[in-house]
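[1] Give me the fold of what follows.
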Amino acid sequence: MTAPDVETARDHVTAGRTSLGIELGSTRIKASLVAPDGTPLAAGGHAWENDYVDGLWTYSLDAVWSGLQACVAELLADVEQRYGTRLETVGALGVSAMMHGYLAFDADGELLVPFRTWRNTTTERAAAELTEAFGHNIPLRWSVAHLYQAVLDEEPHVPRLASITTLAGYVHRRLTGRHVLGVGDASGVFPIDAATRGYDQRMLARLDALVADRAPGLRVADLLPEVLLAGQEAGRLTDEGAALLDPTGTLRPGAPLCPPEGDAGTGMVATASVAPRTGNVSVGTSIFAMVVLEDALERVHTEIDLVTTPAGDPVAMVHCNNGASELAAWAGVLGELVAALGHDADPDAVFGALLRAALDGDADGGGLLAYNYLAGEPVTGLAEGRPLVVRTPDSRLTLANFARTQVYGVFGTLSLGMQVLADEGVRVDTLFAHGGLFRTAGVAQRLLAAALDVPVAVGRTAGEGGAWGIALLAAYLQAAPGQDLATWLGEHVLAGADLDEVAPDPDDVAGFTAYLDRYRAGLAVERAAVESL
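    Purely as a prediction, here's the structure:
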């Protein structure tokens, strides 16, 4: 992709040939406006954080809308500043958000309980019972696990249930009036049948039988959003929807929307990882890898989610609840030290310096261990987490080793999950990485290649993330009918893309292997910390 000149970009904006993608991530709401070929033209953003209320991680719906409005306002201002014109309409738009969780509504559209995010791990009994009943792994964070746990706990809101959805599905419904989900997001709500690319009817019938005594009259299929595939129109921006995004009235209604998707799906699109033997790694508050499968897995693995691409093709997902937040927290502490010494401490500069120091560390981290477990981690069987730095008396404590082990800590649990796929014979040619961690060139990419022992590619849009991915899905809505998603991405968006691929360094691989052995053994310390603190 080559960025258009200002005059061409202005023409795209005024003629409504752009596509707009908005993603509600865990710590930031982002908007990306793109040209017809997917080139980013303008952006907006808004920082937000989840709340821990009554033992559950949540976001208020008021925060959803105030954050979206602030994000869109920044995007509109960016367009006007760059191109000297106002963004009044777009060719298409789309909404994405963090997957899973539980948003439950009554028949009047009123929220019945506070939004329960993917980060909550209170559904152990439900997930275990459903996994056994379905013969299909149901992770703790999936929407159906939250629903079934509410039934098991006889929560008062269950008899009033009229619909459930994800965060992207909720926002999309308010913008269009349609209760739908893209298949990728839907695959984290309830298992998808690979043949029909809709909800698995056998499992729906099994769940109805399980809830019949506890919740008479509850039919789960009636609660779930309609499933749509990439390229299908999912409604149009209503007057109410336009006002919700932009109370100033600059953005007009009428634009078509693509199906709302989850952050896993937009990560696959942003890295063009939607064909078999391709995969991607997304790093943010959580970290997850997606590998598009050639064949079905032979066994059920609780470490592996079976989800789909936005086109409905089967994907193995290794999802770890804890990503780069602890690394960012340590960068903040070091920034405070720099400021205390009387120097300017730009947070991005401090974070970049800490990452770069990791390259000077010992390959095995010098005997240090770092656990980034701010939340529970199902892959390692922990319902709660405690961030830890652990070392032996003879370890080599230096800034470089500390930095390297913090980065290794981000990738540790992911490596354990990916080993499960390797044992199943799943192969991937190259993993594409994206997320803010990869904006510091050559560090996280190199260490991720070592952690997974596979080449890792990063593009210049690696920091654009899911907002760009959902903008591409909106642009695909306007593509030629019948053109499959993988071909469209390859030929019209990512052809000639500036990619930097790094092969695993043998010394780094050996060092990370030694680190991971200590990491496995040290999980006993993590478990003891959870039990005692």
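[2] list the contacts for residue 261?
    Residue 261 is in contact with 94, 96, 168, 182, 184, 185, 310, 469, 470, 473, counting by C-beta atoms under 8 Å, 6 or more residues apart in numbering. Placement of C-beta: from N, CA and C, glycine included.
[3] How about residue 190?
    142, 143, 144, 199, 200, 203, 204, 220, 224.
[4] Could you look up the SS state of it?
    coil (DSSP: H, G, I helix; E, B strand; the rest coil).
[5] The one helix or strand residue 12 maps to - contacts with which helices or strands?
    Per DSSP states H and E: residue 12 is located in helix 6-15. Helices and strands touching helix 6-15, by 3 or more C-beta pairs under 8 Å, 6 or more residues apart in numbering; DSSP states H and E, are strand 40-47, helix 61-83.
[6] Would you tell me which of those gets closest to residue 356?
    Among these, strand 40-47 comes nearest to residue 356, with 24.4 Å by C-beta to C-beta.
[7] circling back to that earlier point, compare the contacts of residue 261 and tell me which is most surrounded.
    Counting by other C-beta atoms under 10 Å, residue 96 has the largest number of neighbours within these, with 39 neighbours.
[8] So what's the gap between the helix holding residue 12 and the chain middle?
    31 Å (C-alpha atoms, centre = their mean, to the nearest Å).
[9] What average pLDDT does the helix or strand following that helix get?
    Sequence-wise, the next helix or strand beyond helix 6-15 is strand 19-24, with elements assigned using DSSP H and E. Predicted confidence along strand 19-24 averages 98 (mean pLDDT).
[10] Tell me which strands strand 19-24 pairs with, and in which orientation.
    Paired with strand 19-24 in the same sheet, following DSSP bridges, are strand 28-34 (antiparallel), strand 92-97 (parallel).
[11] Just name the most buried of the ones you listed.
    For the strands paired with strand 19-24, the stretch with the most neighbours on average is strand 92-97, a mean of 30; neighbours defined as mean count of other C-beta atoms under 10 Å.
[12] Show me what secondary structure element comes after it.
    Following strand 92-97 in sequence order, the next helix or strand is strand 103-105 (DSSP H and E).
[13] Pull up the gap between residue 147 and residue 337, please.
    Residue 147 sits 47 Å away from residue 337, going by C-beta to C-beta, to the nearest Å.
[14] Show me what the longest helix seen in the chain is packed up against.
    For the chain, the helix with the greatest residue count under DSSP state H is helix 506-532. Taking 3+ C-beta pairs under 8 Å, 6+ apart as the contact definition, the neighbouring helices and strands of helix 506-532 are strand 368-371, strand 388-391, helix 399-423, helix 444-452.
[15] buried set for the longest one?
    Within helix 399-423, the residues that count as buried by 16 or more other C-beta atoms under 10 Å are 400-418, 420-421.
[16] Then the second one?
    By neighbour count, with 16+ other C-beta under 10 Å as the criterion, the buried positions of strand 388-391 are 388, 390, 391.
[17] unless I'm mixing things up, the first one is touching residue 369, no?
    Yes: in terms of C-beta atoms under 8 Å, residue 388 counts as a neighbour of residue 369; the distance is 7.4 Å.
[18] Next, give phi and psi for residue 373.
    Residue 373 has phi and psi values of phi -80, psi 80 when expressed as degrees, to the nearest 10.
[19] where's it relative to residue 520, distance?
    The value you get for residue 373 to residue 520, if C-beta to C-beta is used, is 14 Å.
[20] Among those two, which residue is more densely surrounded?
    For residue 373 against residue 520, the residue with the higher neighbour count under other C-beta under 10 Å is residue 373, and the figures read 25 against 12.
[21] one step back: tell me which of the strands paired with strand 19-24 sits nearest to residue 273.
    strand 92-97 (15.6 Å).
[22] chain center to that closest one: distance?
    14 Å.
[23] So for that strand, mean pLDDT?
    Along strand 92-97, the predicted confidence averages to a pLDDT of 98.
[24] check contacts around residue 52.
    residue 58.
[25] that older thread, by pLDDT, rank the contacts of residue 261 and give me the bottom one.
    Across the set of the contacts of residue 261, residue 469 stands lowest in pLDDT, at 92.
[26] At which residues are the helices of the stretch 201-350 of the chain located?
    Counting by DSSP state H, counting those that start in this stretch, residue ranges of the helices within the stretch 201-350 of the chain are 201-211, 220-223, 239-245, 263-270, 325-340, 347-357.
[27] Deepest-packed of those, please.
    Burial of the helices of the stretch 201-350 of the chain is given as mean neighbour count (mean count of other C-beta under 10 Å); helix 263-270 ranks first at a mean of 32.
[28] Show me what that one is packed up against.
    Helices and strands in packing contact with helix 263-270 are listed as strand 19-24, strand 92-97, helix 183-186, strand 278-283, strand 287-292, strand 314-320, helix 466-476; criterion 3+ C-beta pairs under 8 Å, 6+ apart.
[29] In three-state terms, how would the closest residue to residue 500 other than its chain neighbours be classified?
    Leaving aside its sequence neighbours, residue 500 sits nearest to residue 458 (C-beta to C-beta, 6 or more residues apart in numbering; 5.3 Å). What three-state DSSP gives for residue 458 is strand.
[30] Run through the residues that contact residue 458.
    Under the criterion of C-beta under 8 Å, 6+ apart, the contact partners of residue 458 comprise 432, 433, 434, 438, 441, 445, 499, 500, 501, 502.
[31] so which of these comes closest to residue 325?
    Nearest to residue 325 among these, counting by C-beta to C-beta, is residue 438 at 16.0 Å.
[32] Report pLDDT for that closest one.
    Per-residue confidence for residue 438 comes out at a pLDDT of 88.
[33] Surely residue 161 is in contact with residue 107?
    No: under the criterion of C-beta under 8 Å, residue 161 lies out of contact with residue 107, with a separation of 9.1 Å.
[34] which of the two has more neighbours?
    residue 161 (21 against 9).
[35] From residue 346, how far off is that one?
    Residue 161 sits 48 Å away from residue 346 when distances are taken as C-beta to C-beta.
[36] Relative to residue 228, which of the helices and strands packed on helix 506-532 is closest?
    Nearest to residue 228 among those is helix 399-423 (28.1 Å), distances taken as C-beta to C-beta.
[37] for that closest one, packing partners?
    Contacting helix 399-423 under the criterion 3+ C-beta pairs under 8 Å, 6+ apart are the following elements: strand 287-292, strand 314-320, helix 325-340, helix 347-357, strand 368-371, helix 444-452, helix 506-532.
[38] how about the ones you listed in CSV, adding distance to residue 237?
    Shown next, in CSV, are the helices and strands packed on helix 399-423 (distance: least, C-beta to C-beta, whole Å):
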stretch, distance to residue 237
strand 287-292, 29
strand 314-320, 29
helix 325-340, 33
helix 347-357, 34
strand 368-371, 44
helix 444-452, 37
helix 506-532, 46
